[in-house]
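Engineer: structure of the sequence below:
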Amino acid sequence: MIHTYLGKTILFEIKYKNRTSIGMTIDSYGHVEVQAPKGTPNERVLKVLEENWDRIQQKLEEMKDRLNGPQQKVYEHGESFLYLGKTYPIEIVQNQNIDQDYVVFEEERLRIHVKQLEDEKIKQALKRFYYQQCKALVEGRITYYQSHFKTKPRSIRINDSKTTWGTCDSRLQLTFNWRLAMAPLEVVDYVVVHEMCHMVHLNHDRSFWRLVGKIMPDYKEKEKWLAVSNWKMTV
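Structural biologist: All right, here's what the predicted structure looks like:
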């Protein structure tokens with residue numbers, strides 16, 4: 001079926017089932033499916049759609065972005081990069097007198113100082129910046145949450161993992177992905193708490209998740225942010 005509301009049109013499918021209320025799902029390809037009790041009038045289904053219109057549109061936009069995939073970055077003035085959950089433009093400053101390329105965040109922009117105006121130099125300067133920021137962030141947040149734990153991590157490292165946001169091994173060594181510096185602080189907090197909970201429970205059993213939930217009751221919202229936004233966390 002097709003429905004237009006507030007100037008936007010969506011295509012959706014209705015499935016009538018043995019249930020008492022109307023439910024809705026949007027799959028990873030943006031297909032909207034409404035599950036309704038048998039005999040539900042179409043007018044009632046459309047009313048529920050309209051009541052959830054903003055949420056549906058937001059979800060469809062997220063799916064469209066994900067399907068489009070990450071765009072190739074260009075390393076020139078005005079290109080935007082994530083930092084602590086927000087996007088900021090970059091400004092490139094050439095300075096042949098510096099010892100090493102570096103990045104500073106100031107005046108709502110990422111100012112990149114490089115000796116040579118080369119894409120790879122700019123990219124590597126950005127990665128070093130994120131590494132440094134991630135290290136400082138997770139160290140600070142570990143200190144903040146330490147009161148919840150009797151044990152302390154033996155070491156804190158930053159890596160370039162393609163598969164994990166953080167790890168904790170049996171020696172209580174915590175490792176975090178440098179891309180976390182692109183996430184909102186509350187999402188960084190979740191990954192920190194998650195890995196610190198592994199100092200107590202090395203697996204993902206019920207006791208582990210109870211501990212995570214005790215410290216951060218809304219942790220699932222943070223997981224959702226990572227699931228939806230991880231493809232954008234790149235240089």
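Engineer: okay, S170 and L211: tell me how far apart.
Structural biologist: 17 Å (Cβ to Cβ, to the nearest Å). Heads up, the C-betas are built off the backbone N, CA and C, glycines and all.
Engineer: more neighbours: those two, which one.
Structural biologist: Neighbours were counted for S170 and for L211 using other Cβ atoms under 10 Å; L211 has more, 19 against 8.
Engineer: can I assume that one sits in a strand?
Structural biologist: No: per DSSP: H, G, I helix; E, B strand; the rest coil, L211 lies outside any strand segment and is helix.
Engineer: for K150, see how far away it is.
Structural biologist: 12 Å.
Engineer: ok, G78 next?
Structural biologist: 49 Å.
Engineer: could you look up the SS state of the most far-flung residue of the chain relative to its centre?
Structural biologist: For the chain, the largest distance from the centre (Cα atoms, centre = their mean) belongs to G39, which lies 40.4 Å off. For G39, the assignment made with three-state DSSP gives coil.
Engineer: per-residue confidence at it?
Structural biologist: Looking at G39, its pLDDT stands at 90.
Engineer: which non-adjacent residue is nearest it?
Structural biologist: What sits nearest to G39 in space, not counting adjacent residues and going by Cβ to Cβ, 6 or more residues apart in numbering, is Y16, at 7.5 Å.
Engineer: next one: G23
Structural biologist: Per Cβ to Cβ, 6+ apart, closest to G23 is Q35, 4.4 Å.
Engineer: N18 is in contact with that neighbour, correct?
Structural biologist: No: counting by Cβ atoms under 8 Å, Q35 stays clear of N18, with 10.2 Å between them.
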